[in-house]
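J.: Have a look; sequence and predicted model below, questions after that.
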Amino acid sequence: MHLVRHGLYALQMKLSRRNKQFTLFMADALLPPIVLLASIIVAHNGLMPFTRYPSLFYMLPAISVAGGAASIWLGLPRIQLKSYETTAVMRTAIYSAVVTVCIALMAPFALPIFPVAGVVVYGLMLFLASAGFRTAMLHVLLWVLRQGKPKHRVLIYGAGTTGVQLVAALRSHERIVPVAFIDDNTALHSSTIAGLRVLPPGMIKLLAEQRDIDRIILAMPSVSAPKIARLTRKLRSMGLTVQSLPSFSQLVGEEELIDNLSPVVAGQLLNRDQVGDCLPEGNETYRGRSILVSGAGGSVGSELCRQLIICRPRKIVLYEVSEVALYTIDKELRELSEGTSVEIVPVLGSVTDSRLTRMVIADHTAEVIFHAAAYKHVPLVECNPLAGLANNVLGTRTIAEAANDAGVGRFILISSDKAVRPTNVMGASKRLAELVVQDMAKRSRGTVFSMVRFGNVLGSSGSVIPLFKEQIAKGGPVTLTHEDVTRYFMTISEAARLVLMAGSFSDKQTSRGGDVFVLDMGKPVRIRDMAVQLIQAAGYSVRDADHPDGDIEIVVTGLRPGEKLHEELLIGAGLLTTPHSKILRAREESLSELEMASALRALRSAVAVGDQGAAREVIATWVHGYHLPLIAQAGR
């Protein structure tokens, strides 16, 4: 048997498509005369009276030609065996009817004693023979093709229309064998649909063990994504491979799961008016100038570059430590600046590299610097305090000194609301960076130093919105650190426009420099409310004690080390107005030149020897509001 199977497999692999079609054509041509002989034998009780049918030998070739012609006309040879389903069976019925009509027309002349009932029997026998031949060939083909190949025995979850269609398609599959349906509908349990038993979900584990099932296919395209995700996790915990049929919208390319989760525009979550798209006359500050943006590949840095294109500077120098981020923003800006005279210059490097930073500023004659390069993710900087302080503080000192020595016109630091009475290393590093810039402003003769402080940016890397979208796409849960945690938010484009405006406000005639500009962020947003909005915007509902049948659960994980419940924007009291209503000038205390030098000297020493404790001591000493963690205090 093995040799027969192997021989048939080799023959099947050698046959071309044309050869296979010819084989089916020959079957359709030979079956009519063979069935005619069989029907005559049936009509005469198993005897074959050749002497009573002298014209039979002329009629058989004619019927064969008629069968072949009907087969070609209906396209039967072109129908693959694995696609032999309802439509093909209907064509076979028409084929049988056409040949039977030919027999009925010729019988009075060639077969005068052939009974009328025999013609009817002939038609039925021809239909059964033709359909049966193809079905038998399909089973033989599957038997041959499955030789030596591992078969996947699968369950179909969902006994609806989609599941039935899936079973029909899988019956002719070389390696997948459907075993049973699984369905939540108790009315269907123990019934048989499409030749398979319908069983309850509670039997999945038992079936998997007893019937050697290794995967389950979800045939429920109308079920919501969160429910599918929860079911998938449960099934995978049983050791099953889970596959799912896509919905029709996904099949035709109209649905990208994560992108379509939020039809609400991110800015709408703020529940307030935003700054208009156009820059005021302050954009003349940047027109025709050479501008350097550090951290140009980051969320804020890249948006600053996009907005600067509108101001038509002479040159934009993209200073970025990440090769991937630099490549991406360089490519985008070259496309945006096409047709303008703006020169785009990508520079790969870190602001902590003093030699490179000074060389870049000098080579490109930078007139304005936006310093956006920083490590900003609170948990990561908390785990890596030395790297965070070296980049955010010492890097700021390096580029600020280089700007001052080169006589750069304006230097604008991008700061954060986490710098206000910080409870984490990241916030403390940003406040110390502000103190560095304030110190430089006191000693500068030509460079105007300022900084812009604002809260979270919607949609930036690590922001809650992309995180929530990803969690919703996976079926939840959506995680919060605290039920009442709030944050200030602003869209990236809005923040960038206000930063550019604020950067144009300070000058030697109107200010002593060292201005801390605070952006009006509106009212802080409750993160839980934002999570609920995103879940509902995605078309789902929140699952909680009051709504146990909801789609997405919100889970509180607890505040992370160094995380605040509420952020602030001001250290001191009092704000001064500026030419723009959403930009305010804060009065902030600064360190003396001697204090700043002492703080930087101690920080450099701690970073050089890799002493995290000493580094934390520095920021605890010089940054108002920061206190050492209890673990650090215990080790003193």
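T.: Yep, it's here. Numbers count the residues shown, from 1 in each chain.
J.: C-alpha from now on. contacts and neighbour counts both.
T.: OK.
J.: so where's the stretch 501-636 of the chain shaky on pLDDT?
T.: Flagging of the stretch 501-636 of the chain using pLDDT under 70 yields the residue ranges 506-513, 521-522, 537, 539, 562-564, 567-579, 581, 629-636.
J.: can you give me the strands in it?
T.: 515-519, 525-526, 542-543, 552-556, 575-577, 583-586 (DSSP state E, counting those that start in this stretch).
J.: mind giving me a markdown table with those strands and columns for distance to residue 376 and mean neighbour count?
T.: Shown next, in a markdown table, are the strands of the stretch 501-636 of the chain (distance: least, Cα to Cα, whole Å; neighbours: other Cα atoms under 10 Å):
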| stretch | distance to residue 376 | mean neighbour count |
| --- | --- | --- |
| strand 515-519 | 18 | 26 |
| strand 525-526 | 20 | 17 |
| strand 542-543 | 31 | 19 |
| strand 552-556 | 23 | 19 |
| strand 575-577 | 26 | 13 |
| strand 583-586 | 22 | 21 |
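J.: Quick check: which of the ones you listed is nearest to residue 157?
T.: Closest to residue 157 of these, according to Cα to Cα: strand 552-556, at 21.8 Å.
J.: Direction included, what does that closest one pair up with?
T.: Under the criterion DSSP bridges, strand 552-556 sits next to strand 478-480 (parallel), strand 542-543 (parallel) in its sheet.
J.: Now tell me what touches it from outside.
T.: With Cα atoms under 8 Å, 6 or more residues apart in numbering as the test, strand 552-556 has contacts from 226, 472, 475-483, 535, 540-544.
J.: Residue 292 versus residue 369, what's the distance?
T.: Going from residue 369 to residue 292 by Cα to Cα, to the nearest Å gives 5 Å.
J.: Likewise for residue 607?
T.: Here residue 607 is placed at a distance of 27 Å from residue 292 (Cα to Cα).
J.: Counting neighbours around each, name which of these two comes out higher.
T.: Taking neighbours as other Cα atoms under 10 Å, residue 607 and residue 292 compare with residue 292 leading, 26 against 18.
J.: now the one helix or strand that one maps to: mean pLDDT?
T.: When elements are defined using DSSP states H and E, residue 292 is found to belong to strand 290-294. Strand 290-294 shows a mean pLDDT of 96 in the predicted model.
J.: Quick check: neighbours of that strand in the sheet, parallel or antiparallel?
T.: The strands that strand 290-294 pairs with in its sheet are strand 315-320 (parallel), strand 368-371 (parallel) (by DSSP bridges).
J.: Which of the three states applies to residue 344?
T.: Three-state assignment for residue 344 (DSSP: H, G, I helix; E, B strand; the rest coil): strand.
J.: The chain should start at 555 in everything you say after this.
T.: Happy to do that; since the first residue is 555 now, the last one works out to residue 898.
J.: Beta-bridge partners for it, please?
T.: Judged by DSSP bridges, the bridge partners of residue 898 are residue 870.
J.: residues near it, how many?
T.: 19.
J.: Tell me who's in contact with it.
T.: For residue 898, counting by Cα under 8 Å, 6+ apart, the contacting residues are 869-872, 884, 887-888.
J.: Likewise for residue 1161?
T.: The contact partners of residue 1161, taken as Cα under 8 Å, 6+ apart, are 940, 944, 1169.
J.: just residue 897 next, same as before
T.: 868-870.
J.: returning to that earlier point: I'd like the strands paired with strand 844-848 as CSV, with mean pLDDT appended.
T.: Putting those into CSV (pLDDT from 0 to 100) gives the following:
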stretch, mean pLDDT
strand 869-874, 96
strand 922-925, 96
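J.: These: which one's closest to residue 1142?
T.: In this view, the strands paired with strand 844-848 are compared for proximity to residue 1142 by Cα to Cα, and strand 922-925 is the closest at 19.7 Å.
J.: From the rest of the structure, what touches the closest one?
T.: Contact with strand 922-925 is made by 840, 843-849, 950, 957, 962-968, as judged by Cα under 8 Å, 6+ apart.
J.: between the contacts of residue 897, which is nearest residue 694?
T.: With Cα to Cα as the yardstick, the closest approach to residue 694 among the contacts of residue 897 comes from residue 870, at 70.0 Å.
J.: For the closest one, grab the count of nearby residues.
T.: When neighbours are counted by other Cα under 10 Å, residue 870 registers 26.
J.: I figured it hits residue 896, correct?
T.: Yes. Proximity of residue 870 to residue 896 meets the contact threshold set by Cα atoms under 8 Å, at 7.3 Å.
J.: rewinding a little: in PDB, list the C-alpha atoms belonging to the strand holding residue 846.
T.: Extracted C-alpha coordinates of strand 844-848, given in PDB (Å, rounded to 0.1, in the frame of the first residue of the first chain):
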ATOM      1  CA  SER A 844      20.500  78.800  11.100                       C
ATOM      2  CA  ILE A 845      18.700  76.800  13.800                       C
ATOM      3  CA  LEU A 846      19.900  73.800  15.700                       C
ATOM      4  CA  VAL A 847      17.500  71.400  17.300                       C
ATOM      5  CA  SER A 848      18.900  68.900  19.800                       C
END
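J.: for the strand or helix carrying residue 586, which positions count as buried?
T.: Per DSSP H and E, residue 586 falls inside helix 571-597. Residues 575, 578-579, 581-587, 589-594, 597 are the ones in helix 571-597 that count as buried (16 or more other Cα atoms under 10 Å).
J.: Tell me which helix or strand comes right after that helix.
T.: Moving toward the C-terminus from helix 571-597, the next helix or strand (DSSP H and E) is helix 610-628.
J.: Quick check: next helix or strand after that next one?
T.: Next along the chain after helix 610-628, taking DSSP H and E as the criterion, comes helix 640-664.
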